[in-house]
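**Q** give me coordinates for this.
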Amino acid sequence: MKVRLMIIIGVISFLLGGCNKIQKNSNQVQLVQRTEEILVESEDLADDYFHIYKERWNQSNRNSLKLQQDIIEYLGRKNYIAVDINNQIDMVNGELVKKFCKNVQNEVNDSITIFSIMESGGFVRYDLNSQNGEIYAICSNMTWDQDAPEAEYINEFQVQSWKYTKNGYFFIEEYDRQGYDGYHGKIGFRVEPLDEACRELNRKYVMPVGYAGNKLFITNWNQSDYSQLDFYDLYEIMYLLKYEKYVPYNYSQEGVEYYIPKQDFEEVIQTFLTVESEVLESNAIYNAETKTYLYRPRGLYEVEYPEYPYSEVVGFTENSDGTITLTVNVVFPYNGDSQVYSHEVVVRPLDNGGVQYVSNRIIPSEDNQEETWYTPRLTEEEWKEIYGGK
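**A** Down below sits the predicted model:
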């Protein structure tokens, strides 16, 4: 503890020297004392729920969502604010967050602590303190080293901006440090609960595909018109869903080409889409003589930014033909947006537990934002210009 205290003193001395000044009326000793109290408190708290971690983590059929759920419920009974790090479980004691936001808005001094529970059973901890309408944060985390909890200081910062959205999200953004030109991003916590049936439908049908590296949920399409989809993107994702492993092609070499047998390529796509072979042939690069599809893995020029939104099913309708229409919000915490846009996905659950995707429709709204995270694959002309001479 003495070594840790000296490290904390050194870090905070550096921060107070000019990089990230926080409360003007705070002094170095107070900050060190408060930070040390937080670390000790976090380790004591982890010790208190060690039995939950030990039981769930050692199970052969380990379920991280269930582990997180049990820890959140335990913390809730202790009157702590807690939610999972991916906002997939209802927050406990969320009314304290809403009260805090109201007090900040009214310039009433207040403080809260939010525990963001990780898949491993550890947590990121945010100690928020408001003074005269400004929010100051101390961020720390707790991880498990074997069976021992280890709490570590991360940083403290003054919150540059915050908001509570109509969808029930609380976002905070860190102030830019002097001389730092990068983007911090925003931290988002879902405060309002979601219907558990909606959460389950989301986990089964929307989250497995998601918004990374494909257009299934970011464009309009149906069984009569697949022209807006990129079947190569979908082949990679659907191959993983079907076989639970990545496509067997080398991604490390730039500009490489492969030839996938017709049956292999189409079987993957047609497992999840009722699309005719003729449509696939006309919307991909198909060689009728060799009965193969040309396939080029994404390269350096097609890399996407590593931050993506996630889906929240907020409503659903069971249709007479056995399909389900899901109403989905696109949540992008990194941009501080709890509804980039909304879309309707029609899915057909199969008897074998699988699913076929029937259509997607972007719900028109003047508030819709662009899907800035998606990068299209190179066109044929672009690919030849970059790699054609190799």
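**Q** helix or strand: which one has Gln158?
**A** strand 148-164 (DSSP states H and E).
**Q** would you mind identifying the next helix or strand past that strand?
**A** Per DSSP H and E, strand 148-164 leads on to strand 169-174 as the next helix or strand towards the C-terminus.
**Q** contact partners of that next one?
**A** Here strand 169-174 makes contact (C-beta atoms under 8 Å, 6 or more residues apart in numbering) with 97, 101, 126, 128, 135, 137, 157-165, 184-192, 331, 333, 336, 338. The C-beta positions use only the backbone N, C-alpha and C, and glycine is treated the same way.
**Q** just the buried residues of the residues you listed.
**A** Buried members of the contacts of strand 169-174, scored by 16 or more other C-beta atoms under 10 Å, are 97, 101, 126, 128, 135, 137, 157, 159, 162, 164-165, 186-192, 331, 333, 336, 338.
**Q** ok, which stretches of the stretch 1-150 of the chain are helices?
**A** All helices of the stretch 1-150 of the chain, identified by DSSP state H, counting those that start in this stretch, fall at 2-14, 28-48, 50-57, 64-77, 94-105.
**Q** distance between the host helix or strand of Tyr239 and the chain's centre?
**A** Using DSSP H and E, the element containing Tyr239 is helix 231-243. Using C-alpha atoms, centre = their mean, to the nearest Å, the mean C-alpha position of helix 231-243 is found 20 Å from that of the whole chain.
**Q** what packs against it?
**A** Applying 3 or more C-beta pairs under 8 Å, 6 or more residues apart in numbering; DSSP states H and E, one finds that helix 231-243 contacts helix 262-272.
**Q** give the rounded mean pLDDT of the next helix or strand after the helix it packs on.
**A** Heading C-terminal from helix 262-272, the first helix or strand you meet, by DSSP H and E, is helix 277-283. Mean pLDDT, helix 277-283: 97.
**Q** and the contacts of helix 277-283?
**A** Residues outside helix 277-283 that contact it (C-beta under 8 Å, 6+ apart): Tyr226, Ser227, Leu229, Phe231, Lys262, Phe265, Glu266, Ile269, Tyr286, Ala288, Tyr293.
**Q** let me know the closest of those to Ser42.
**A** Leu229 (46.4 Å; C-beta to C-beta).
**Q** ok, the closest one touching Leu216?
**A** Yes: here Leu229 reaches Leu216: they are 6.7 Å apart, a contact under C-beta atoms under 8 Å.
**Q** please tell me how far the nearest residue to Ser227 once chain neighbours are set aside sits from Thr292.
**A** Counting by C-beta to C-beta, 6 or more residues apart in numbering, Ser227 lies nearest to Asn283, which is 6.7 Å off, once chain neighbours are set aside. From Asn283 over to Thr292 the distance is 16 Å, taken as C-beta to C-beta, to the nearest Å.
**Q** repeat that for Glu371.
**A** Taken as C-beta to C-beta, the span from Glu371 to Thr292 is 31 Å.
**Q** same question, Gly322
**A** Applying C-beta to C-beta to Gly322 and Thr292 gives a distance of 35 Å.
**Q** Lys163 against Asp337, yeah?
**A** No: using C-beta under 8 Å, Lys163 is not in contact with Asp337; the gap is 10.1 Å.
**Q** what touches both of the two?
**A** Contacts common to Lys163 and Asp337, judged by C-beta under 8 Å, 6+ apart, are absent.
**Q** now for this structure, the helix or strand with the poorest mean pLDDT.
**A** Least confident helix or strand, the chain: helix 2-14 with a mean of 46, by mean pLDDT, DSSP states H and E.
**Q** please tell me how far Met207 sits from Gly322.
**A** 22 Å.
**Q** more neighbours, the two?
**A** When Met207 and Gly322 are compared for neighbours, Met207 comes out ahead with 17 against 9, by other C-beta atoms under 10 Å.
**Q** I figured the more buried one hits Ser311, correct?
**A** Yes: between Met207 and Ser311 there is a contact under C-beta under 8 Å: 5.9 Å.
**Q** let me know the outermost residue of this protein.
**A** Glu289 (43.5 Å; C-alpha atoms, centre = their mean).
**Q** so which strand or helix has that residue?
**A** Counting by DSSP H and E, Glu289 is found in no helix or strand.
**Q** and if you look at Glu385?
**A** helix 380-387.
**Q** remind me what that helix packs against, helices and strands.
**A** Checking 3+ C-beta pairs under 8 Å, 6+ apart, helix 380-387 ends up next to no helix or strand.
**Q** let's number from 496 now, not from 1
**A** Yes, from this point I'll number from 496; that puts the last item at helix 875-882.
**Q** contacts for that helix?
**A** For helix 875-882, the external contacting residues (C-beta under 8 Å, 6+ apart) are Glu749, Gly750, Ile780, Arg791, Gly794, Tyr796, Leu873.
**Q** for PyMOL, what selects the buried ones among the residues you listed?
**A** Filtering those down to the buried ones (16+ other C-beta under 10 Å) takes a single PyMOL command:
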select buried, resi 750+791+794+873
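**Q** now for the nearest residue to Asn598 once chain neighbours are set aside, how many residues are close by?
**A** In this structure, Asn598 finds its nearest non-sequential neighbour in Asp605, 4.0 Å apart by C-beta to C-beta, 6+ apart. By other C-beta under 10 Å, 17 other residues sit near Asp605.
**Q** which of the contacts of helix 772-778 are buried? Put it as a PyMOL command.
**A** Here is the PyMOL command that selects the buried residues among those (16+ other C-beta under 10 Å):
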select buried, resi 721+724+726+757+760+761+764+781+788
